[in-house]
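Undergrad: following is a predicted model, sequence given first.
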Amino acid sequence: MCGTVGLFMGCTAVSLCPKQALMAGREETAGPGTGPEGAERPAGALVAPDDPYVSPFRNWYERSTVRAGKRRELTPLEPEQHFFAPELVPLASHPLVQGLREDRPELYQEVLVRHLYRYLDFTAKLEHLVVNRTVLGIAHGTVGIELPDAMRLDAFKIYCDEAYHALFSADLAGQVRETTGVRCELPPVPYFMARLERFLEETPQDLRALTEILFVIVSETLISAQLSEMSNDPTVVPAVRETVRDHALDEGKHHAYFAVFLRHLWGQLPPTTRRRAALQVPRLIRIFIDPDVDSMESEIRGYGISRDGAKQIVGELFPDAAVDGYARGVAQQTVRHFASVGALNDAQVREEFAAYGLI
């Protein structure tokens, strides 16, 4: 998914080793088929023995963006073109900003450019610093989950994809700065990274590595049809819509991969750990989805609006009911994936999903 914590430091071959967290309660001397008390529990219990892994990356060498794509370069803005689809920029829909389209079109475009910067920065940091941290562990077999060799090889392909997504996001952001002259001071740590970091600090030590993996599964399986629509929107400057399209083509395969990965993961967790993990998922979804209201208020104040006025605008843009509805919509498939492995069979887990507005 497009759009992350102090992240990886140390050996480049092994980024994380959460085996203890994933196998909580399992004795060090227990074999791969034993449960927390030594009882027999087949690895990958939610994956049928006769259900072979079918790779979503069979044409990766020919079709992936990093292998077959080309650099997207900005061209001069045509009349009626924008740097981002206005209907996907909440601030651009506010009456106060809508009035700028006629009176101060350059400032209206700046609002869209700033949103593009946030989108590209979000994507680059998510892919490089969060998703690839976990993917590297999957590729090198350090996440404590038994996977088919083909799945581990596919993790190397995802790693290449995500690194390239970070690269083309940073490249496009640089081109936009050079072309428009618009600067956008973004926080060094994106809001979702800060939220995730706080949540991990609150999470019991033995569950933290697993929680990071769950966050990646969440981020890779959320679906927003709006971005797919933008990739075909002729009013968006070609380099932006083509970049979004490139990203979407790769991410569809990543979604399919992580849906299968979840089945392997869930089948190898002890039942008590499954329940604890499932209770983490609703908040992880909202950490990823909920708007960055502080940054939005700061931007609005930069347009000469008072602090109280900025708060009022943000409140009008992001009423709780609208935010809940959006979260429920884009998380539908993610919730289905967790339901399919039995995560929502527990009454307390269902209550937690409902409390976060997801069911």
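TA: Yep, it's here.
Undergrad: what helix or strand is the residue sitting nearest the centre point of the chain located in?
TA: The C-alpha lying nearest the average C-alpha coordinate of the chain belongs to residue 219 (Cα atoms, centre = their mean; 3.0 Å). Using DSSP states H and E, residue 219 sits within helix 208-221.
Undergrad: report the distance from that helix to the chain centre.
TA: 9 Å (Cα atoms, centre = their mean, to the nearest Å).
Undergrad: and if you look at stretch 152-167?
TA: Distance of stretch 152-167 from the chain centroid (Cα atoms, centre = their mean) equals 14 Å.
Undergrad: pull out the buried positions in it.
TA: Of all the residues in stretch 152-167, those buried under the rule 16 or more other Cβ atoms under 10 Å are 154-162, 164-166. For every residue, glycine as well, the C-beta is placed using N, CA and C.
Undergrad: double-check the residue nearest to the centre of the chain against residue 126; I have them as touching.
TA: Yes: contact status for residue 219 versus residue 126: in contact at 6.4 Å, counting by Cβ atoms under 8 Å.
Undergrad: ok, back up a step: how near is the residue nearest to the centre of the chain to residue 178?
TA: Residue 219 sits 30 Å away from residue 178, taking Cβ to Cβ, to the nearest Å as the criterion.
Undergrad: I figured residue 131 was touching residue 217, is that so?
TA: No: here residue 131 does not reach residue 217: they are 10.1 Å apart, not a contact under Cβ under 8 Å.
Undergrad: quick one, which of those two is more surrounded?
TA: Applying other Cβ atoms under 10 Å to residue 131 and residue 217 shows that residue 131 carries more neighbours, namely 26 against 22.
Undergrad: pull the contacting residues for the more buried one.
TA: By Cβ atoms under 8 Å, 6 or more residues apart in numbering, the residues touching residue 131 are 158, 162, 216, 219-220.
Undergrad: swap in 10 Å and give it another go.
TA: Contacts for residue 131 (Cβ atoms under 10 Å, 6 or more residues apart in numbering) come out as 1, 4, 125, 158-159, 161-163, 165-166, 215-216, 219-220, 254, 258.
Undergrad: and what of residue 280?
TA: Listed by Cβ under 10 Å, 6+ apart, the contact partners of residue 280 are 199, 203, 207, 210-211, 214-215, 218, 349, 352.
Undergrad: residue 101 too?
TA: When contacts are counted by Cβ under 10 Å, 6+ apart, residue 101 touches 86, 92, 107-109, 111.
Undergrad: just these now: which is nearest residue 247?
TA: Nearest to residue 247 among the contacts of residue 101, counting by Cβ to Cβ, is residue 86 at 20.0 Å.
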